[in-house]
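Participant: Build the 3D model from these lines:
(chains A and B)
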Amino acid sequence: MQGLHGAIVRISKVMDVVGGVVLSFMMLITVTDVILRFLGKPITGTYELVFLGGAIVIGCAIPRTSGEGGHVSVDFVLESFPRMLKKVTMVFTRLLGIAFFALLGWNLFAYGTSLYHKNEVSLTLHVPYYPVAYVLGVCAFVECLVLLSGLIKVVSEVDHE
Amino acid sequence: MSEVGVGVIFLVLLLGLFLTGLELAFAMGIIGVLGFAWLVDWNAAMGLMANDFFDALASYSLTVIPLFVLMGQIAFNAGIANRLFDCAHKFLGHIPGGLAIATVAGATAFKAICGSVAATSATFASVAVPEMTKFGYAKKLSTGIVATVGTLGVLIPPSVILIIFGVVTQQSIGRLFLAGILPGLLIAFFFAVIIFGWCRINPALGPKSDRFSWGERIRTVPEVIWPIVIFFIIIIGLMKGVFTPTEAGSIGAFTVLLLCLFKRSLDFTGYVKSVRESLRTACMVLLLVATSNMLGHFIAVTNVPNHLGEWVLGLKVPAALVMALVFFVYLVGGSFIDDLAFMILATPIFYPIMEKLGYDPLLIGIMVALTVCIGSVIPPVAICVFVVKNITKVPMGVIYSGVYPFLISLFVVVILVFIFPQIVLFLPNALMK
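Facilitator: Residues are numbered from 1 along each chain as shown, chains lettered A, B, ... in the order given. This is a model prediction of the structure:
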């Protein structure tokens, strides 16, 4: 189980690096575009690259944010539960999370395929949208793995006790 | 069962899910999708789920959030706040409660480049509290002001709360930024007056510290000028329509980065840390926005906002009372759930009602932001107080006893803004039509 957990953490970290690089790229290309615009030579399609980049940034950050408990939740009620009820509730919420992201990932792939068939592209650079939908789908499935790792941890703690 | 009935049941279920400790964003997505599937169709709900998620994340207007957060994180990790506090300390330290007033002045300047409420409280808890302790300040004053001063970030631009309000209600982010400036400065002014008055009544709370020569004071001024110049570049650029909010965020982040590299206050590791922390905050916020879109579509199908609006407008009670009740709901909801999450959840429901009552969208935005300010320092979920407690190890009770006097000024500003909306509307109307 440690191996599985370690692998999921490594994948999340790699995705986080991708998100960070894309965020830095978004900052640099926007600044360059603004400067060049004053010189009368804006970078064509910056708008499209930035919003598509934004999707990759946030999508790639989801698994690590989840792994580090960064998504906001209300825990003062859960903390007041008896130990066993707390663990049962945690198993329930992890399962709900897995189901949600599995459905989301599946539907993002379906959405990506429909974008591919409709040949949906950006206005200026004609960047196809479907790869971004597929990347977000992959992010959702990795998030499932992160939640699964959390679930295994909770269950093994129950067994241990 | 009627659509409204289904809507109410699913919203109650949503609150139940919140209490199980499930991430708020996940809960909103799950209820939104299940509710939509119940009322419309399972396949439509599945399509909507992917569509809403893709549209929210691949949205140009929302890319402003990671960029402004990055700007704040770079400023935070480069220790810009330390230098701002040092400058304010040298100018104000010798008056009663001077170091606490310097904390307010330093934090106000820091807020101009860092929109994070918790980061400001964390920074000044590490920088200002030890200095105040050295000069014999009472813990309740030093920790109370540090916990409260973070709230300025909700109003003084670039504020993440105002950006999200602007996106949710389709208001100009530039005008919202301008609208937040005067109320933010007014709060800072009231904080300073309260500290001064409190320390005049009880000098033991905040003794005078060293008096510095004018030469020593002037030498610290350049440290303050640059962040303020960056702030004005952003605001004037937005005001004049020279660049979009996303471009303003990029330019802000880039110029703060250049400034820190030039001053050698940030290395590559510091930059990586800033990016990593920005991703955490931006991801948390945008996932809430994405899943609230799913919930929003379900709520729209239930017609709950329309029915609620008609019911409230049919009550024939004064509009001010309705507003007071709505903000009370924001305060209670935000206190128990999370201020940001509750704002994202509640604004699509309450905003149309407040607008129908004839209130200006900018005024509504600032009132919502002020409510979030108050929510971030009152129990049970007082993020700023928790941050200060963790850093200073001062008991919560002591911190709260120092927070309450400043809370009064927040309530006073809420009332002033409500009675005199010009405090909010003057700058946007004068500078940005």
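
Participant: What separation is there between the closest residue to chain A within the stretch 101-250 of chain B and B:A56?
Facilitator: Using Cβ to the nearest Cβ, the closest approach of the stretch 101-250 of chain B to chain A is made by B:S250 at 3.6 Å. Where C-beta positions appear, they are placed from N, C-alpha and C, glycine not excepted. To B:A56, B:S250 is 20 Å away according to Cβ to Cβ, to the nearest Å.

Participant: ok, now B:R280?
Facilitator: Distance from B:R280 to B:A56, by Cβ to Cβ: 18 Å.

Participant: ok, these two, which is more surrounded?
Facilitator: B:A56 (22 against 19; other Cβ atoms under 10 Å in any protein chain shown).

Participant: quick one, what contacts the more buried one?
Facilitator: Contacts for B:A56 (Cβ atoms under 8 Å, 6 or more residues apart in numbering or on different chains) come out as B:62, B:286, B:289-290, B:293.

Participant: 6 Å instead, please
Facilitator: Contacts for B:A56 (Cβ atoms under 6 Å, 6 or more residues apart in numbering or on different chains) come out as B:289-290, B:293.

Participant: so where is chain B shaky, pLDDT-wise?
Facilitator: Within chain B, the stretches with pLDDT under 70 are B:115, B:380-381, B:433.

Participant: That one against chain A: which residues are in contact?
Facilitator: Remark: the part of chain B in contact with chain A comprises B:18-26, B:29-30, B:46, B:49-50, B:54, B:57-58, B:60, B:63, B:66, B:243, B:247, B:250-251, B:253-254, B:275, B:279-280, B:283-284, B:286, B:337-338, B:341, using Cβ under 6 Å from any Cβ of the partner chain.

Participant: Just the ones of the residues you listed in helices?
Facilitator: For those, membership in helices holds for B:18-19, B:24-26, B:29-30, B:46, B:49-50, B:54, B:57, B:66, B:247, B:250-251, B:253-254, B:275, B:279-280, B:283-284, B:286, B:341, with DSSP state H as the criterion.

Participant: any chance of the contacts of B:A56 in a markdown table, with distance to A:S156 too?
Facilitator: Output for these, formatted as a markdown table (distance: Cβ to Cβ, whole Å):
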| residue | distance to A:S156 |
| --- | --- |
| B:V289 | 34 |
| B:A290 | 32 |
| B:N293 | 36 |
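
Participant: Just the closest of those to B:S2, please.
Facilitator: B:N293 (24.0 Å; Cβ to Cβ).

Participant: Which of the helices or strands spans the closest residue in space to that closest one that isn't next to it in sequence?
Facilitator: Nearest non-adjacent residue to B:N293, counting by Cβ to Cβ, 6 or more residues apart in numbering or on different chains: B:D52, 4.2 Å away. Counting by DSSP states H and E, the element that carries B:D52 is helix B:42-57.

Participant: Can you tell me which residues in chain A are near chain B?
Facilitator: A:19-20, A:23, A:27, A:30-31, A:34, A:50-52, A:54-55, A:57-58, A:61-62, A:65, A:70-75, A:77-78, A:89, A:93, A:97, A:100, A:104, A:107-108, A:111, A:133.

Participant: Residue 79 - how many residues pack around it?
Facilitator: Just so you know, I chose chain A. 9.

Participant: that's the wrong chain, I meant chain B
Facilitator: So B:G79, with other Cβ under 10 Å, has 17 neighbours.

Participant: Assign a three-state SS to the nearest residue to it once chain neighbours are set aside, would you?
Facilitator: Leaving out its chain neighbours, the residue that sits closest to B:G79 by Cβ to Cβ, 6+ apart is B:S265, at 5.7 Å. Secondary structure, DSSP: H, G, I helix; E, B strand; the rest coil: B:S265 is coil.

Participant: Surely B:S265 and B:F76 touch.
Facilitator: No. The pair B:S265 / B:F76 is not scored as a contact, 11.3 Å apart, by Cβ atoms under 6 Å.

Participant: Quick check on the two: which one has the bigger neighbour count.
Facilitator: B:F76 (22 against 17).

Participant: Report the separation between the more buried one and chain A.
Facilitator: Distance from B:F76 to chain A, counting by Cβ to the nearest Cβ, to the nearest Å: 16 Å.

Participant: returning to what we had before: pull out the buried residues from the helix holding B:D52.
Facilitator: B:45-54, B:56-57 (16 or more other Cβ atoms under 10 Å in any protein chain shown).

Participant: Using CSV, write down the CA coordinates of it.
Facilitator: Extracted in CSV, the C-alpha atoms of helix B:42-57 (Å, rounded to 0.1, in the frame of the first residue of the first chain):
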residue,chain,number,x,y,z
TRP,B,42,-29.5,11.8,-16.0
ASN,B,43,-27.8,12.2,-19.4
ALA,B,44,-28.4,16.0,-19.4
ALA,B,45,-26.9,16.1,-15.9
MET,B,46,-23.8,14.2,-17.1
GLY,B,47,-23.3,16.5,-20.0
LEU,B,48,-23.8,19.6,-17.8
MET,B,49,-21.2,18.3,-15.3
ALA,B,50,-18.4,18.1,-17.9
ASN,B,51,-19.5,21.3,-19.7
ASP,B,52,-19.7,23.4,-16.5
PHE,B,53,-16.3,22.1,-15.3
PHE,B,54,-14.6,22.8,-18.6
ASP,B,55,-16.2,26.2,-19.0
ALA,B,56,-15.3,27.3,-15.5
LEU,B,57,-11.7,26.2,-15.7
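
Participant: and the most centrally placed residue in chain B, what is it in contact with?
Facilitator: Central residue of chain B (Cα atoms, centre = their mean): B:V154, 2.5 Å from the mean position. For B:V154, the contacting residues are B:161, B:369, B:372-373, by Cβ under 6 Å, 6+ apart.

Participant: Need the contact partners of the lowest-mean-pLDDT helix or strand in chain A.
Facilitator: Least confident helix or strand of chain A, by mean pLDDT, DSSP states H and E, is helix A:76-79 with a mean of 84. By Cβ under 6 Å, 6+ apart, the residues outside helix A:76-79 that reach it are A:86, B:19, B:21.

Participant: Quick check: closest non-adjacent residue to the last one.
Facilitator: With Cβ to Cβ, 6+ apart as the measure, A:L78 is the residue that lies nearest to B:G21, at 3.7 Å, once sequence neighbours are left out.

Participant: mind listing the helices for chain A?
Facilitator: A:2-38, A:46-67, A:76-79, A:83-117, A:130-160.

Participant: JSON lines please, covering those and showing distance to B:A324.
Facilitator: Shown next, in JSON lines, are those (distance: least, Cβ to Cβ, whole Å):
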{"stretch": "helix A:2-38", "distance to B:A324": "41"}
{"stretch": "helix A:46-67", "distance to B:A324": "36"}
{"stretch": "helix A:76-79", "distance to B:A324": "27"}
{"stretch": "helix A:83-117", "distance to B:A324": "35"}
{"stretch": "helix A:130-160", "distance to B:A324": "41"}
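
Participant: so of those helices, which one's packed in deepest?
Facilitator: helix A:46-67 (a mean of 26; mean count of other Cβ atoms under 10 Å in any protein chain shown).
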